[in-house]
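Chemist: Have a look; sequence and predicted model below, questions after that.
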Amino acid sequence: MSEEMMSRRNFLGGVGAVLGLAAVPLLASAAAPATAAAVTTAPVALPWPYTHLDAETIGRRAYELYYLQGGCAEATWYPIIEALSADNPTTWGTLPKKMFGFGGGGVNAWGTLCGTCNGSAAIIKMVIQTAAGGTLIDNDFQFYSETPLPTNGIDKAVRAGWTPAAGVPAPIPNVPTSTAHSPLCHVSLTQWMATTGATDGSAQQRDRCAKACYDMAKHTVELLNDYFATPSVTDSAALDATYVGCVTSGCHSKAGMAEHGKMACDSCHDEPVDHATH
Ligand code: HEC
């Protein structure tokens, strides 16, 4: 791979191995699988029912479950399952805890897609099977990539008198934030650690990732509440300017070119959008 094309790798690689998995020891103690019960009903086809949820409540639960139930993807996914299960025993109520434990640390510590994005995208597609579901995922990933995280929004909950469940550390107030410009665990967490000086596995890192669960679970519920209130009004996702300039209206939309994805091109490449004219 050429140096000029990927020199940003030197920055990202130099900060050290960063995976944010320290908070998932619970996964190791999973019980033996239960004996399979006889299947009496066919699985219910998607989309499954969604009813308005309180975004703040879901966000707080996501913060807690990061510590209690096994990492970021599970923590972002499960609070919504839990909230919808009571009224929907044959759909949401059939899903077990820890299904999304695989997603911690960017999928089993591979540092790829942030688990908060992974868990959120799963929920969105389970309730919206049309193209609008894809648009909501784009919006969600852009929010993750371009918002200074963690937002410290959970500080407001603490000021309002909320305390987390037993066994869950209180949020550290007003921590530094960073904007990842990417949905990748490794990129996002490395930049935050470079900003703060915190190390992987530290209380600070776990606090940051638990708050990212709060932020993404809350934001996902807000997107879904808005969509189901007025499904006809789906905001188109504002994708990154480099994606728009390089792919949708630029040179890299040509047939036969490799899949470039929707991530910001300049989160890995150093060329400016107009590099072809230089
Ligand atoms: C997560 C990192 C990452 C992102 C984001 C990314 N790329 Fe790449 N891209 C790579 C890597 C790695 C290569 C291979 C580079 C090499 O071998 O020198 C590559 C190769 C390429 C190539 C040369 C191969 C080809 O397909 O012709 C082009 C062009 C390219 N990328 C365009 C883009 C565009 C346009 C975007 C934004 C929509 C983008 N890339 C986003 C990592 C990335």
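Modeler: That came through, no problem.

Chemist: OK, contacts around Tyr243?
Modeler: His260, Lys262, Met263, Ala264, Cys265 (Cβ atoms under 8 Å, 6 or more residues apart in numbering). C-beta here means a position set from N, CA and C on the backbone, and glycine is covered the same way.

Chemist: domain ranges for this protein?
Modeler: Following automatic domain parsing, one finds the domains of the chain at 46-236, 239-278.

Chemist: Of those, which is nearest the ligand?
Modeler: Minimum separation from the ligand across the domains of the chain (Cβ to the nearest ligand atom) falls at domain 239-278, 2.9 Å.

Chemist: now the helices: where do they sit in the protein?
Modeler: Applying DSSP state H to the chain gives helices spanning 3-6, 8-14, 55-68, 72-85, 115-127, 131-146, 154-159, 185-196, 203-229, 241-243.

Chemist: show me where pLDDT drops low in this protein?
Modeler: Applying pLDDT under 70 to the chain picks out residues 1-40, 234-235, 254-258, 278.

Chemist: Return the residues in contact with the residue nearest to Ile80 when sequence neighbours are not counted.
Modeler: The shortest distance from Ile80 to any non-neighbouring residue, by Cβ to Cβ, 6 or more residues apart in numbering, is to Ile123 (5.2 Å). Ile123 makes contact with Trp77, Ile80, Ile81, Thr220, Leu224 under the criterion Cβ under 8 Å, 6+ apart.

Chemist: Relative to Thr277, which of these is nearest.
Modeler: Within these, the smallest distance to Thr277 is 39.6 Å, found for Thr220 (Cβ to Cβ).

Chemist: shouldn't the closest one be in contact with Asp140?
Modeler: Yes - contact between Thr220 and Asp140 holds when scored by Cβ atoms under 8 Å: they sit 5.9 Å apart.

Chemist: Give the residue from these two that has the larger number of neighbours.
Modeler: Neighbours per residue, other Cβ atoms under 10 Å: of Thr220 and Asp140, the larger number sits with Thr220, 31 against 24.

Chemist: contacting residues around that one?
Modeler: Contact analysis of Thr220 by Cβ under 8 Å, 6+ apart lists Thr76, Ile80, Ser120, Ile123, Ile124, Asp140.

Chemist: With Glu146 instead?
Modeler: Applying Cβ under 8 Å, 6+ apart, we find Glu146 in contact with Thr179, His181, Asp240.

Chemist: Counting neighbours, what do you get for the residue lying closest to Cys72 once chain neighbours are set aside?
Modeler: Leaving aside its sequence neighbours, Cys72 sits nearest to Gly115 (Cβ to Cβ, 6+ apart; 3.5 Å). Using other Cβ under 10 Å, Gly115 has 33 other residues around it.

Chemist: that older thread, so which of the contacts of Tyr243 reach the ligand?
Modeler: Of the residues in those, proximity to the ligand by Cβ under 6 Å from any ligand atom holds for His260, Met263, Cys265.
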